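S.K.: Have a look; sequence and predicted model below, questions after that.
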Amino acid sequence: MRILLAGATGVIGRQTVPVLAAAGHQVIGLARTPARLPDAEVVVADALDAAAVADAVGSAAPDAIVHMLTAIPDPVDPRHLARDMALTNRLRTQGTANLLAAAGGARIIAQGVAYAYDPAGSPVKDEDAPPWRDPPTQFAPVVAALGDLERRVASAGGLVLRLGHLYGPGSSYAPDGGLTRQLRAGKMPLVGDGASMFSFIHAHDAATAILAAIEHPAASGVLNIVDDQPTLVHDWLPEMAAMLGAPAPRHVPAWLARLLVGGWGVAYMTGLAGASNLRARQQLDWKPTYSSWRDAAATRDGPRTGPAALGATGAAWCAAGHGPARPAPRGRVPHQLGRPASPGRSSQARRRRPSRAGSRRPPGSCGCVGIRRCGPGSAACGSGVRSRS
């Protein structure tokens with residue numbers, strides 16, 4: 001199959017090209033500037049130029065178009081998220097419209113995000129949950145652009161993959177990524193109760209989900225592409241800092257953080273919902289290689305590219321000589337249950353920092369159905385993800 005991959009030189013694109021090529025597909029990368037990619041031709045066009053996109057799509061003659069275009073600075077300034085996301089919002093609206101207008105009969109698969117759900121109710125959302133009804137002011141244009149993209153793709157019979165918080169080579173979590181730099185410098189505090197629920201996804205797992213979507217042409221609508229184990233900020237942030245040998249994140253009250261980083265900065269740490277991947281597993285016959293970001297951090301060999309593929313946490317953890325038997329903190333949320341793994345805990349109890357005691361459970365004992373290991377994974381994350389286009 002001939003596949004036009006828009007955003008082929010980005011974080012996800014560079015993982016996706018070899019995955020598609022290895023499966024026997026012919027990949028044509030669409031990039032804004034000339035580039036060389038193993039296993040792919042590259043056509044150059046500005047996705048916001050309708051005529052240029054039409055020429056590029058016409059010359060590629062694809063059977064499917066994969067839209068992974070973003071232009072996100074790393075790190076993002078949470079006080080000015082709307083400004084920093086303006087170009088990505090245009091790529092999700094005008095860029096999507098240009099690709100669809102040129103597509104002819106080609107099927108389209110596009111990137112969405114899995115953390116724009118309304119946070120009310122269950123801390124883990126499936127695809128039927130509504131988008132954020134009253135998002136922070138700086139996040140509102142992002143939610144609006146995502147809604148526009150999803151409506152356009154749905155009207156064309158395509159599929160939107162709502163990606164979790166992305167990590168892996170080139171991301172904000174990579175050794176030279178923005179979030180990693182902030183953690184090492186002690187500039188990434190734990191805000192308020194740290195009750196945001198993060199669903200991560202490794203860039204390689206995003207790539208395998210794209211392959212699965214291509215090979216399941218009946219799939220349409222929206223699907224969450226996230227790992228198996230949503231995790232609270234107050235769990236993963238200090239643990240990640242420890243893996244990096246960084247200072248423990250200091251605690252900043254939400255009221256003070258609001259003055260420093262604005263409403264979105266506080267919501268990012270305290271108000272996001274996680275997402276369930278159960279529907280993607282069922283419809284795409286897909287599952288992530290990394291059940292959680294901790295699995296990636298504890299694995300010595302990442303997919304294809306070795307330990308560097310794991311990003312900052314995996315590189316630091318592997319360099320320290322540790323194996324996969326990393327103790328697992330309690331209070332994780334099985335993706336298909338939408339509630340804490342420890343039954344009977346109240347929402348108030350969930351907001352308290354859980355004990356880090358405990359040990360890794362044997363496969364299948366945590367309530368997660370069908371995963372390889374019980375034990376990672378934006379689209380653009382609010383603290384900053386490097387440009388992927």
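M.R.: On my side now, so go ahead.

S.K.: What part of the protein, helix or strand, is modelled with the least confidence?
M.R.: helix 311-319 (a mean of 36; mean pLDDT, DSSP states H and E).

S.K.: List the buried residues of the helix or strand hosting I12.
M.R.: If you go by DSSP states H and E, I12 is part of helix 11-22. Under the neighbour-count criterion of 16 or more other Cβ atoms under 10 Å, helix 11-22 has 11-21 buried. Yep, even glycine has a C-beta here, placed from its N, CA and C like the rest.

S.K.: got a list of what the nearest residue to A21 once chain neighbours are set aside touches?
M.R.: Distances taken as Cβ to Cβ, 6 or more residues apart in numbering put D39 closest to A21, at 3.7 Å, once the chain neighbours are dropped. D39 makes contact with 17-18, 20-21, 27 under the criterion Cβ atoms under 8 Å, 6 or more residues apart in numbering.

S.K.: Could you rerun that using 6 Å?
M.R.: The contact partners of D39, taken as Cβ atoms under 6 Å, 6 or more residues apart in numbering, are 17-18, 21.

S.K.: Torsion angles phi and psi at it?
M.R.: When read as degrees, to the nearest 10, the backbone of D39 gives phi 70, psi 10.

S.K.: what do you get for K187?
M.R.: phi -110, psi 20.

S.K.: how much space between it and V252?
M.R.: 11 Å (Cβ to Cβ, to the nearest Å).

S.K.: G95 now?
M.R.: Distance from G95 to V252, by Cβ to Cβ: 37 Å.

S.K.: Okay, now the unreliable bits of this protein?
M.R.: By pLDDT under 70, the weakly predicted segments of the chain are 299-389.

S.K.: and V27, how far is that from P249?
M.R.: Taking Cβ to Cβ, one finds V27 at 40 Å from P249.

S.K.: neighbour count winner among these two?
M.R.: Legend: neighbour count by other Cβ atoms under 10 Å for V27 and P249, higher for V27 (25 against 22).

S.K.: For the closest residue to R281 other than its chain neighbours, grab the count of nearby residues.
M.R.: Nearest residue to R281 in three dimensions, chain neighbours excluded: K287, at 5.6 Å (Cβ to Cβ, 6+ apart). If you count neighbours by other Cβ under 10 Å, K287 ends up with 20.

S.K.: Shouldn't K287 be within a helix?
M.R.: No - counting by DSSP: H, G, I helix; E, B strand; the rest coil, K287 is not part of a helix but coil.

S.K.: what about the helices in the stretch 151-300 of the chain?
M.R.: 178-184, 203-214, 233-244, 254-270, 278-284, 293-297 (DSSP state H, counting those that start in this stretch).

S.K.: Now do the last one: which elements does it pack against?
M.R.: The elements that helix 293-297 packs onto, with contact taken as 3 or more Cβ pairs under 6 Å, 6 or more residues apart in numbering; DSSP states H and E, are helix 311-319.

S.K.: could you dump the buried residues of helix 11-22 to TSV with distance to Q282?
M.R.: Formatted as TSV, the buried residues of helix 11-22 follow (distance: Cβ to Cβ, whole Å):
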residue	distance to Q282
V11	27
I12	23
G13	27
R14	29
Q15	24
T16	22
V17	27
P18	27
V19	21
L20	23
A21	27
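
S.K.: if we take the residues you listed, which one ends up nearest to V266?
M.R.: V11 (26.4 Å; Cβ to Cβ).

S.K.: State the distance from that closest one to P123.
M.R.: As judged by Cβ to Cβ, V11 and P123 stand 27 Å apart.

S.K.: what do you get for N89?
M.R.: 27 Å.

S.K.: contacting residues around the helix or strand containing D148?
M.R.: For D148, the enclosing helix or strand under DSSP H and E is helix 140-155. Applying Cβ under 6 Å, 6+ apart, the contact partners of helix 140-155 are 82, 85, 89, 92-93, 96, 100, 108, 110, 112, 116, 131-132, 135, 160.

S.K.: roughly how far is that helix from the heart of the chain?
M.R.: Mean C-alpha position of helix 140-155 versus that of the full chain (Cα atoms, centre = their mean, to the nearest Å) differs by 17 Å.

S.K.: Of all the residues in that helix, which ones are buried?
M.R.: 141-143, 145-150, 152-153.

S.K.: and if you look at stretch 47-54?
M.R.: Neighbour-count burial for stretch 47-54 [16+ other Cβ under 10 Å]: 47-48, 50, 52-54.

S.K.: Stretch 257-264 now?
M.R.: Buried, per 16+ other Cβ under 10 Å, within stretch 257-264: 257-258, 261-264.

S.K.: so can I have TSV of the residues you listed showing distance to G177?
M.R.: Below are the buried residues of stretch 257-264 laid out as TSV (distance: Cβ to Cβ, whole Å):
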residue	distance to G177
A257	22
R258	25
V261	19
G262	22
G263	24
W264	20
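
S.K.: about what we covered before: of K187 and V252, which one has the most company?
M.R.: Looking at K187 and V252 with other Cβ under 10 Å, you find the greater number of neighbours at V252, namely 19 against 14.

S.K.: Would you confirm that that one contacts V191?
M.R.: Yes - using Cβ atoms under 6 Å, V252 makes contact with V191 at a distance of 5.4 Å.

S.K.: tell me, how many neighbours does G24 end up with?
M.R.: Neighbour tally, G24, other Cβ under 10 Å: 7.

S.K.: what's the spacing between it and L211?
M.R.: 10 Å.

S.K.: any idea how far the nearest residue to D126 once chain neighbours are set aside lies from Y290?
M.R.: Nearest residue to D126 in three dimensions, chain neighbours excluded: S276, at 4.9 Å (Cβ to Cβ, 6+ apart). Counting by Cβ to Cβ, the gap from S276 to Y290 is 16 Å.

S.K.: of these two, who's got more company?
M.R.: Y290 (32 against 25).
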